[in-house]
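Peer 1: Provided below are the primary sequence and the corresponding predicted coordinates.
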Protein chains: 2
Amino acid sequence: MKIAVSGATGFVGRHVVERLLGDGHDIVAIARDSGKGAAMPWADRVTFVPYDLYRNPGALTARMECPHVFVHLAWPGLPNYRGLFNLTENLVAEIALFRHLLEWGVPHLVVAGTCLEYGLQFGPLAEDGETRPTTPYGLAKDTLRKTLQLMQATQPFTLQWMRLFYMYGPGQSEQSLLSQLDRALAEARETFDMSQGDQLRDYLPIEGVADRFARVIGQKAVSGVINCCSGHPISVFDLIQRHLTANSKTIRLNRGVYPYPDYEAMAFWGQPVQLRSLGFP
Amino acid sequence: MKIAVSGATGFVGRHVVERLLGDGHDIVAIARDSGKGAAMPWADRVTFVPYDLYRNPGALTARMECPHVFVHLAWPGLPNYRGLFNLTENLVAEIALFRHLLEWGVPHLVVAGTCLEYGLQFGPLAEDGETRPTTPYGLAKDTLRKTLQLMQATQPFTLQWMRLFYMYGPGQSEQSLLSQLDRALAEARETFDMSQGDQLRDYLPIEGVADRFARVIGQKAVSGVINCCSGHPISVFDLIQRHLTANSKTIRLNRGVYPYPDYEAMAFWGQPVQLRSLGFP
């Protein structure tokens, strides 16, 4: 299939593109920075379209053929979840973008959601459960999803809303926990400052996330909200220990230096019911 | 106080302006159509600013002084609750408008909400209860409210979200139920086509709505979501009977001609807890 991927040079995008190429798909990779695009390992196996989707979404139609699937991963400004720009700029531009994609006739949308749509809810979270976002980012994604679902009433299309939880692996943000840990190890520091680490989260390796995208895209019968997660909570402390063990490293952990973030519940994880129907554990 | 009222020539606006003038406030009435403004009974007692708030919200600051209170009632395109423009145009323009009002320094916002924020929920509805909008209009208002509440985290201001239920009285839309009934009576028709009429709704006379706005504006301690309603459900059939009795009229009611609207629950009404704290019944 001809598949467009926005945010193709981002953490999720670069892996999703690689995985979809492996399945033999014809990929149009979209990102703002063509230099970043050229540096990707898959650069010579895709059609790269350098494009700012927020600036002039309507003109994208002149730059490429209408794809069978549009995988939308771009979202500028992360990880600033609390910035109002998520609503005042991004949400506004996203709604305009999807209007154009649907007018163009794209029949199948795969869009990155976020566990921050749930807000401060505890425990195992269901795909059909209520959302109560408490951050501008979470509210913007939540409203975007609801808007797309309302758009389906007037124009039928497939919507696969991949609600992402936590991820780690090659290409992750420099600010992410394991990137910081790796930097401390590379610099041979004696200690690593962290939160208490007892918070429970749901983590997937990024290659597992890309695999889930690829399988979902091939199964249009699975649609709506799809929790893209492991279903198994792990404490951040254990996550760090596991990473150290896997890399045969040690470092003294200074637990409790940083407070827990106020926009995340202490213990929550996803129920990946839809992914289980596709055979994932 | 200096109070700006947008949507001043609309059904709610015209009555709110009259009521606030009665309290001795200094009113800037904002509406797109200056002809409509000139036709208002209060035309020579207000400063009228003909303005399209959606076109260039930033330039409003050059047309008037910063008010103590901004009462925002404008919302183009009603009663088309299902039109996607509510999200793709109105919500987008509303967020931009409020950004400008807050940058300008308006300290006190009074904004019209809607019972359609609740979606298809039954029974008595609480101000702090969950919202589950099922229409683009309901979702747009719901997201606007949540956006304003998140904006309060970075810039303190008073927000009084007047969640409107059903209203009737002078100036109501030609398409409203009682307008249609009055027209049938004026034309001396024998019958009036209606739904079965058993649906339960919460109605206030428009003068009562204006009175509630005026009282709330004077009480900044009452803020957040304020259900602007009677708290007492009445069937649409009884509402019509009451209207006929009050006007000493009769007409044969053809019940069941129209289906119930699919975007409204069969029986719901508001709990006006905040208004009761101000002495309303």
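Peer 2: Thanks, I have it. Computed from a prediction, not measured in an experiment: that's the story for all the values here. Numbers count the residues shown, from 1 in each chain, chains lettered A, B, ... in the order given.
Peer 1: Only C-alpha atoms from now on, for both contacts and neighbour counts.
Peer 2: Noted.
Peer 1: what's the closest residue to A:Thr47 other than its chain neighbours in contact with, if anything?
Peer 2: Excluding its sequence neighbours, the residue lying closest to A:Thr47 (C-alpha to C-alpha, 6 or more residues apart in numbering or on different chains) is A:Val28, at 4.7 Å. Neighbouring residues of A:Val28 by C-alpha atoms under 8 Å, 6 or more residues apart in numbering or on different chains: A:Lys2, A:Ile3, A:Ala4, A:Val5, A:Val46, A:Thr47, A:Phe48, A:Val49.
Peer 1: let's see 6 Å
Peer 2: Taking C-alpha atoms under 6 Å, 6 or more residues apart in numbering or on different chains as the criterion, A:Val28 is in contact with A:Ala4, A:Val46, A:Thr47, A:Phe48.
Peer 1: Can you give me the distance of it to B:Gln155?
Peer 2: Plainly put, A:Val28 is 42 Å away from B:Gln155 if you go by C-alpha to C-alpha, to the nearest Å.
Peer 1: now swap in A:Thr88 and tell me
Peer 2: A:Thr88 sits 15 Å away from B:Gln155, taking C-alpha to C-alpha as the criterion.
Peer 1: quick one: which of those two has more around it?
Peer 2: A:Thr88 (21 against 11; other C-alpha atoms under 10 Å in any protein chain shown).
Peer 1: distance of the closest residue to the more buried one other than its chain neighbours from A:Thr47?
Peer 2: Nearest residue to A:Thr88, sequence neighbours excluded (C-alpha to C-alpha, 6+ apart): B:Ile95, at 6.1 Å. Relative to A:Thr47, B:Ile95 is positioned 36 Å away (criterion: C-alpha to C-alpha).
Peer 1: Who has more neighbours out of the two?
Peer 2: Using other C-alpha under 10 Å as the criterion, B:Ile95 and A:Thr47 rank with B:Ile95 on top: 21 against 15.
Peer 1: On the three-state scheme, that one is what?
Peer 2: Using DSSP: H, G, I helix; E, B strand; the rest coil, the structure places B:Ile95 in helix.
Peer 1: List the neighbouring strands of the host helix or strand of the residue nearest to A:Thr47 plus their orientation.
Peer 2: Under the criterion of DSSP states H and E, A:Val28 resides in strand A:26-31. According to DSSP bridges, strand A:26-31 has the following sheet partners: strand A:2-6 (parallel), strand A:47-50 (parallel).
Peer 1: winner for burial among those strands?
Peer 2: strand A:2-6 (a mean of 23; mean count of other C-alpha atoms under 10 Å in any protein chain shown).
Peer 1: CA atoms only for that one, dumped as CSV, please.
Peer 2: Output of strand A:2-6 as CSV, limited to C-alpha atoms (Å, rounded to 0.1, in the frame of the first residue of the first chain):
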residue,chain,number,x,y,z
LYS,A,2,1.0,3.6,-0.4
ILE,A,3,1.4,5.0,3.1
ALA,A,4,2.2,8.5,4.2
VAL,A,5,3.9,9.0,7.5
SER,A,6,4.1,12.4,9.1
